[in-house]
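Participant: here is my input; please provide its structure:
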Amino acid sequence: MKRINVTISDSLNQRIDNYSDEYGMTKASIVSFIVGQWFDKNDRQNGEIDEQMTSDSTLNMILKAISEVKSNGVKNE
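Facilitator: Here you go, the predicted model:
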């Protein structure tokens, strides 16, 4: 585990205090949880995009488009 320091606004600090009191957790634990959740959410979203881009139907569509461009050449409009 690593410790980091961040600067936050007074209003955000108050919100973290409120959550800390409500859930009976330390401020550090609350912030760690929130940051972890944010990364998990973004990783899942990026993974879904990667899966969509490599799915058979999407891959076939891309390969078909590339094949058509090779066959017909690129048209300048």
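
Participant: got the contact list for stretch 3-12?
Facilitator: With contacts defined as CB atoms under 8 Å, 6 or more residues apart in numbering, stretch 3-12 is touched by Ile16. All C-beta spots, glycine's among them, are computed from the backbone N, C-alpha and C.

Participant: roughly how far is it from the heart of the chain?
Facilitator: Stretch 3-12 has its C-alpha centroid displaced from the chain centroid by 22 Å (CA atoms, centre = their mean, to the nearest Å).

Participant: any weak-confidence spans in this structure?
Facilitator: For the chain, the stretches flagged by pLDDT under 70 are 48-56, 58-60, 62-63, 73-77.

Participant: which stretches in it count as helices?
Facilitator: Ranges of helices within the chain are 10-23, 27-54, 56-72, based on DSSP state H.

Participant: adding distance to Ile4 and mean neighbour count, write the ones you listed out as TSV.
Facilitator: Output for the helices of the chain, formatted as TSV (distance: least, CB to CB, whole Å; neighbours: other CB atoms under 10 Å):
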stretch	distance to Ile4	mean neighbour count
helix 10-23	15	12
helix 27-54	9	11
helix 56-72	38	10
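
Participant: and those helices as JSON lines, adding distance to Met1?
Facilitator: As requested, those are exported to JSON lines (distance: least, CB to CB, whole Å):
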{"stretch": "helix 10-23", "distance to Met1": "19"}
{"stretch": "helix 27-54", "distance to Met1": "9"}
{"stretch": "helix 56-72", "distance to Met1": "39"}
